[in-house]
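Sharing a model that was predicted from the sequence below.
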Amino acid sequence: MTETLDRTPLSVLLSQLQPSGDAWEIDIPEDWLQGRAIYGGLSAAVCLAAVTAAVDDLAPLRSAQIAFVGPAGPGVCVRPSILRQGKSMAFVAADMTSSDKPAVRATFGFGAARESALAYEHVSAPDVADPAEGGRFFEDREGRNLGPNFARHFDSAWAAGATPISGAGTPEFCVWMRHRDVAMRDSLLGLVALADALPPAAMARMTAPAPVSSVTWQFDLLHDRPATDDGWWLCRSSAEQIADGYSAQHMTIWNSQREPVLVGRQSVAVFA
């Protein structure tokens with residue numbers, strides 16, 4: 001296998017989502033897996049793709065709540081369902097199954113913009129160098145992938161914080177990320193897939209490899225049409241507590257202009 005010929009671009013992969021009755025089906029190739037399963041960001045992106053394919057005239061995505069109930073992939077089935085659709089907001093659920101077993105339950109909130117007298121923002125970006133100045137996060141100096149299979153679909157540049165399995169005192173990653181698939185760099189689906197591509201921040205505390213698994217993920221979009229230059233997004237994940245085999249972490253993404261575009265929280269199971 002080579003680093004180029006065996007990669008399925010995300011735009012090509014999502015185009016293979018096919019309707020089947022009241023559901024949508026897709027087979028995920030090996031190069032998008034994390035071990036034997038789909039990683040959380042791709043599961044969320046596939047659920048969102050099924051929802052937007054099934055439901056017309058949705059307002060911009062504002063928020064998502066996702067529970068990773070069980071392992072997903074490589075073949076998955078997604079059933080979208082409208083929970084409520086009002087004048088300004090719609091809530092749409094997506095249930096993903098794999099081998100007829102529950103895998104992911106997602107709820108997406110779509111909301112139209114409206115006039116408001118209130119405006120406030122306090123999500124300052126860290127003072128870090130541009131991506132061209134940072135070393136690769138997922139690759140060694142020879143360009144060999146150091147992460148899971150799916151990491152080969154992303155360019156990455158270390159910006160601040162720790163690296164995985166480094167025994168760091170502070171469990172935090174701060175990394176520039178972008179899709180190698182140019183078609184996904186200004187795509188909401190691409191942003192969702194990228195937003196959960198970093199390892200859980202708890203892995204910075206590890207001194208030896210150990211399994212981790214996302215339990216839940218919630219994120220809010222701060223712009224109705226997030227955009228960036230050259231596809232680069234600055235992603236930071238910070239573990240606030242690690243205890244009893246679980247980690248609670250906070251996640252933030254800024255665009256290349258250091259404008260905040262996404263904030264989130266995640267619960268992670270840690271088997272170390």
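Cool, the structure landed.

For Ala157, give me its contacts.
131-137, 175-176 (C-beta atoms under 8 Å, 6 or more residues apart in numbering). Backbone N, C-alpha and C define where each C-beta goes, glycine included.

Buried ones in stretch 116-132, by neighbour count?
125, 128, 131 (16 or more other C-beta atoms under 10 Å).

Just send those residues back as JSON lines, with distance to Ala239 too.
JSON lines is the format used below for these (distance: C-beta to C-beta, whole Å):
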{"residue": "Ala125", "distance to Ala239": "20"}
{"residue": "Val128", "distance to Ala239": "19"}
{"residue": "Pro131", "distance to Ala239": "23"}
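
Show me where the stretch 51-200 of the chain has its strands.
61-68, 75-85, 89-98, 101-111, 154-161, 172-179 (DSSP state E, counting those that start in this stretch).

circling back: list only those of the contacts of Ala157 flagged as buried.
131, 134, 136-137, 175-176.

Low-confidence ranges, the stretch 151-272 of the chain, go.
Within the stretch 151-272 of the chain, no stretch has pLDDT under 70.

can you pull out the helices in it?
188-195 (DSSP state H, counting those that start in this stretch).

And for Val192, nearest residue in space, chain neighbours not counted?
The shortest distance from Val192 to any non-neighbouring residue, by C-beta to C-beta, 6 or more residues apart in numbering, is to Ala45 (4.6 Å).

related to what we said a few turns ago, tell me the most buried of the strands of the stretch 51-200 of the chain?
Across the strands of the stretch 51-200 of the chain, averaging neighbours per residue (mean count of other C-beta atoms under 10 Å) puts strand 172-179 on top, at a mean of 23.

contact partners of it?
With C-beta under 8 Å, 6+ apart, strand 172-179 has contacts from 10, 126, 128, 130-131, 134, 137, 153-164, 185, 190, 193-194, 197-199, 201, 204, 230-239.

Kindly export it (C-alpha atoms) in CSV.
Extracted as CSV, the C-alpha positions of strand 172-179 are listed here (Å, rounded to 0.1, in the frame of the first residue of the first chain):
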residue,chain,number,x,y,z
GLU,A,172,-3.4,19.7,25.8
PHE,A,173,-2.9,19.6,22.1
CYS,A,174,-2.9,22.7,19.8
VAL,A,175,-2.5,21.8,16.2
TRP,A,176,-3.1,23.3,12.7
MET,A,177,-5.1,20.9,10.6
ARG,A,178,-6.5,20.8,7.1
HIS,A,179,-7.9,18.2,4.7
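
got the angle between that strand and helix 188-195?
When axes from the mean of the first three to the mean of the last three C-alpha atoms, to 10 degrees is applied, the directions of strand 172-179 and helix 188-195 differ by 150 degrees.

What angle do strand 154-161 and strand 172-179 make with each other?
Using the same axes, to 10 degrees: strand 172-179 against strand 154-161 is 160 degrees.

Look up how far Asp244 lies from the nearest residue to Ser247 once chain neighbours are set aside.
Closest residue to Ser247 apart from its sequence neighbours, by C-beta to C-beta, 6+ apart: Ala202 at 3.9 Å. To Asp244, Ala202 is 12 Å away according to C-beta to C-beta, to the nearest Å.
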